[in-house]
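> From the sequence below, what's the structure:
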Amino acid sequence: MELFDVYSLYDIEPVRGAGSHVFTADGTDYLDLYGGHAVISIGHAHPHYVEALSRQAAALGFYSNSVKNSLQERFAARLGEVSGYDDYSLFLCNSGAEANENALKLASFATGRDKVLAFGKAFHGRTSGAVAVTDNPSIRSPFNGADKVTFVPLNDEQAVAEALSTRQYAAVIIEGIQGVSGIHEPTADFLKSLERECKATGTILVLDEIQSGYGRTGRFFAHQHSGIRADIVTCAKGIANGFPMGAVIISPEFEAVKGMLGTTFGGNHLACAAALAVLDVIENENLIANAAAVGDYLIAELRKIDKVTDVRGRGLMIGLEVDGLSGSDLRKKLLFEHHIFTGGAGKTTVRLLPALSLSKDEAAYFINEFKKVIQ
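Residues are numbered from 1 along each chain as shown. Below is the predicted model:
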């Protein structure tokens, strides 16, 4: 049997990691500014994380959600405290796409409505409902039809108001910062307007913080920069530093009904142990403040470089474009000639999504190497 060939792969295999670095079998050191697609939040192989997972694996790796799991309760309490959503409830699952599926289902249950408003260039996942609200027809099969989804431009207050005035929409789903499209940010005024329109029309506001959350932008969730509060928040990626996990944070206005949602693996013992360790490290090492400071430094230094035509984002979620170089070519030069992992978005954008523990010295090293690439 061979692997189903759906990924474009670089001919590099990391076999070990430490902090913001990964290493191949021959010992070659790569600076990781991609974090496995924003997944590595506290750094590779953090000792506390490794110890917590190992200890839990030696005790009990899994049992189903048919029995009590105090690790889930501990995690819910900790996440509420750290995120500022302490009066909300938590449903645990396995991925960002699954979190969004459950969020949209909850919104439809609560409102009795069957339509969703989403935004141009949005990405919310590849499962049936999540891909239907993703603005990319090339990854949507006929089975995943978007007949119940309307897309409007990001930051277009009038388009939102006109759509929601029909009172047909169960939910609006929006990313805290659009990631896959190339780091596009909803303005604070737009998010405040969106919150008002949702409340006025009985529409559920779902904030997809799967890539932009968990401290990446210098606040726990990106939408908190604007001062709004969502009805539902979804997260995954950095929640467990590489262990598969997703979460739905749910307003107390929602009524939980037995059997409404369910999952086999969601919130298992290993996932919760990993997620608790991540929160320990984020708090103990002040990683949210570090993401803000190092991100500000990176953005400021990148904007000083003549050939850089645009720098977008907040904290350690950065998109940049360079005159005369495609994003793909720039990434390959950084990877193969300078041993630096970065991400991409479309043909032009390079994305930086490093661990929140990235140091200023590591950021400065990247800036120096980056200048060499674009000379």
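
> Need the phi and psi values for L270.
For L270, the backbone dihedrals are phi -70, psi -40 (criterion: degrees, to the nearest 10).

> right, and it touches F243 too?
Yes: contact criterion CB atoms under 8 Å: L270 and F243 qualify, at 6.4 Å. No exception for glycine: its C-beta is placed from N, CA and C like everyone else's.

> number of nearby residues for F123?
22 (other CB atoms under 10 Å).

> quick one: pLDDT of the nearest residue to it once chain neighbours are set aside?
Counting by CB to CB, 6 or more residues apart in numbering, F123 lies nearest to V180, which is 3.6 Å off, once chain neighbours are set aside. On the pLDDT scale, V180 is placed at 95.

> And for D280?
98.

> What number of residues are in the vicinity of the residue nearest to F123?
If you count neighbours by other CB under 10 Å, V180 ends up with 22.

> List the residues that contact it.
Contact analysis of V180 by CB atoms under 8 Å, 6 or more residues apart in numbering lists F123, Q211, A345.

> From A345, how far off is it?
Computed with CB to CB, to the nearest Å, the distance linking V180 and A345 is 6 Å.

> ok, now how distant is A222 from E51?
30 Å.

> who's more crowded, these two?
Each of A222 and E51 has its neighbours counted (other CB under 10 Å); A222 has more, 28 against 12.

> In contact with the more buried one, which residues?
G176, I177, E185, E209, S212, G213, R216, R314, M317.

> What about the first one, how many residues nearby?
Burial measure for G176: 29 neighbouring residues, criterion other CB under 10 Å.

> wait, isn't it in contact with G215?
No: taking CB under 8 Å as the definition, G176 is not a contact partner of G215, at 11.7 Å.

> For this protein, which segments are assigned as helices?
35-38, 47-59, 70-83, 96-111, 128-132, 157-164, 188-201, 269-284, 287-303, 327-332, 338, 360-374 (DSSP state H).

> how about these in JSON lines, adding distance to F143?
Shown next, in JSON lines, are the helices of the chain (distance: least, CB to CB, whole Å):
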{"stretch": "helix 35-38", "distance to F143": "25"}
{"stretch": "helix 47-59", "distance to F143": "37"}
{"stretch": "helix 70-83", "distance to F143": "33"}
{"stretch": "helix 96-111", "distance to F143": "14"}
{"stretch": "helix 128-132", "distance to F143": "7"}
{"stretch": "helix 157-164", "distance to F143": "25"}
{"stretch": "helix 188-201", "distance to F143": "29"}
{"stretch": "helix 269-284", "distance to F143": "29"}
{"stretch": "helix 287-303", "distance to F143": "39"}
{"stretch": "helix 327-332", "distance to F143": "31"}
{"stretch": "helix 338", "distance to F143": "43"}
{"stretch": "helix 360-374", "distance to F143": "42"}
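
> Now the residue positioned nearest the centre of the chain. Nearest residue, chain neighbours left out?
Taking CA atoms, centre = their mean, the centroid of the chain lies closest to Q211, which sits 1.3 Å from it. Of all residues not flanking Q211 in the chain, G179 sits nearest, at 4.0 Å (CB to CB, 6+ apart).

> same thing with E255?
Nearest one to E255, counting by CB to CB, 6+ apart, is A110 at 7.9 Å.

> how about the strands of the stretch 101-250 of the chain, start to end?
Secondary structure of the stretch 101-250 of the chain, counting by DSSP state E, counting those that start in this stretch: strands at 115-119, 149-152, 169-175, 204-208, 232-235, 246-250.

> quick revisit: in a markdown table: the contacts of A222, plus pLDDT.
Converted to a markdown table, the contacts of A222 look like this (pLDDT from 0 to 100):
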| residue | pLDDT |
| --- | --- |
| G176 | 98 |
| I177 | 98 |
| E185 | 97 |
| E209 | 98 |
| S212 | 98 |
| G213 | 98 |
| R216 | 98 |
| R314 | 97 |
| M317 | 98 |
